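Q: Only the shape, not the letters, is given here:
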């Protein structure tokens, strides 16, 4: 069975440009998470979906970040415009509702120059 | 919100020795306690977990112990091998499914 798939793996953009990340969760997983991981730190939750509904987006910087999960399956995370401080690894994870085990993708490493 | 602390931040062990990492948390509503292993260039991978109604769980060379009263849980790795070298994260989770990671522990196993 395929795990969580993220693309692209790497992205280099100039500051003020937009960028988007895509995540395909494990089949059947209702819950989807986006995390940001800065170098040498633990992942920080940006947003959590249950099906199509964002149930926790309290840590998403809404002035420049947006996310969507159409049809409750794939999800995209967008940054517009990107800033130098957005350089990080963006991780997507999924799990079954009422089951806490979260499975992570390989992440997208974003470098803003 | 949840305050999660891991100790130590780095751990160097000789191959064959044991390693122990401790995670303390503040949210008494946490009821699920996983440990994740992250290798370079990869996402975190769940290696063992424990729920609040259990005190200890073992899976081959790894084990997790939970002290809910004191709000801490620990990862134990016995007979360490070079492939155990990685960053380990604890992630106490509340009943709403909110997972908060610690800052991580870099484990280096030297042959």
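A: Arrived safely, thanks for sending. Computed from a predicted structure; not experimentally measured.
Q: And the worst-scoring helix or strand of chain A on mean pLDDT, how far out from the chain middle?
A: Least confident element among the helices and strands of chain A, by mean pLDDT, DSSP states H and E: strand A:53-56 (a mean of 92). Centre-to-centre, strand A:53-56 and its host chain are 13 Å apart (Cα atoms, centre = their mean, to the nearest Å).
Q: Packing partners of the longest strand seen in chain B?
A: Longest strand in chain B, counting residues (DSSP state E): strand B:30-38. The helices and strands touching strand B:30-38, judged by 3 or more Cβ pairs under 8 Å, 6 or more residues apart in numbering or on different chains; DSSP states H and E, are strand B:19-24, strand B:45-51, strand B:62-67, strand B:86-90, strand B:93-94. Placement of C-beta: from N, CA and C, glycine included.
Q: Return the most buried member of those.
A: Ranked by mean neighbour count, the helices and strands packed on strand B:30-38 are led by strand B:86-90 with a mean of 23 (mean count of other Cβ atoms under 10 Å in any protein chain shown).
Q: what packs against that strand?
A: Under the contact criterion of 3+ Cβ pairs under 8 Å, 6+ apart, strand B:86-90 touches strand B:5-7, strand B:19-24, strand B:30-38, strand B:72-77, strand B:105-110.
Q: Would you convert those strands into CSV that also reports mean pLDDT?
A: Shown next, in CSV, are the helices and strands packed on strand B:86-90 (pLDDT from 0 to 100):
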stretch, mean pLDDT
strand B:5-7, 96
strand B:19-24, 98
strand B:30-38, 95
strand B:72-77, 98
strand B:105-110, 98
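Q: Stretch A:32-39 and chain B, are they touching?
A: Yes. Between stretch A:32-39 and chain B, judged by Cβ under 8 Å from any Cβ of the partner chain, the touching residues are A:33, A:35.
Q: so how far is that stretch from its chain's centroid?
A: Relative to its parent chain, stretch A:32-39 has a centroid offset of 6 Å by Cα atoms, centre = their mean.
Q: Buried residues, that stretch. List them.
A: Residues of stretch A:32-39 classed as buried by neighbour count (16 or more other Cβ atoms under 10 Å in any protein chain shown): A:32, A:33, A:34, A:35, A:36, A:37.
Q: Quick check: bridge partners of the fifth one?
A: For residue A:36, the beta-bridge partners are residue A:44, residue A:90 (DSSP bridges).
Q: Distance check, it against residue A:61.
A: 10 Å (Cβ to Cβ, to the nearest Å).
Q: between these two, what contacts are shared?
A: Counting by Cβ atoms under 8 Å, 6 or more residues apart in numbering or on different chains, no residue touches both residue A:36 and residue A:61.
Q: hmm, back to that, could I get the helices and strands packed on strand B:30-38 in CSV, plus columns for distance to residue B:32?
A: Formatted as CSV, those follow (distance: least, Cβ to Cβ, whole Å):
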stretch, distance to residue B:32
strand B:19-24, 13
strand B:45-51, 6
strand B:62-67, 10
strand B:86-90, 11
strand B:93-94, 4
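Q: Right, I'll leave it there.
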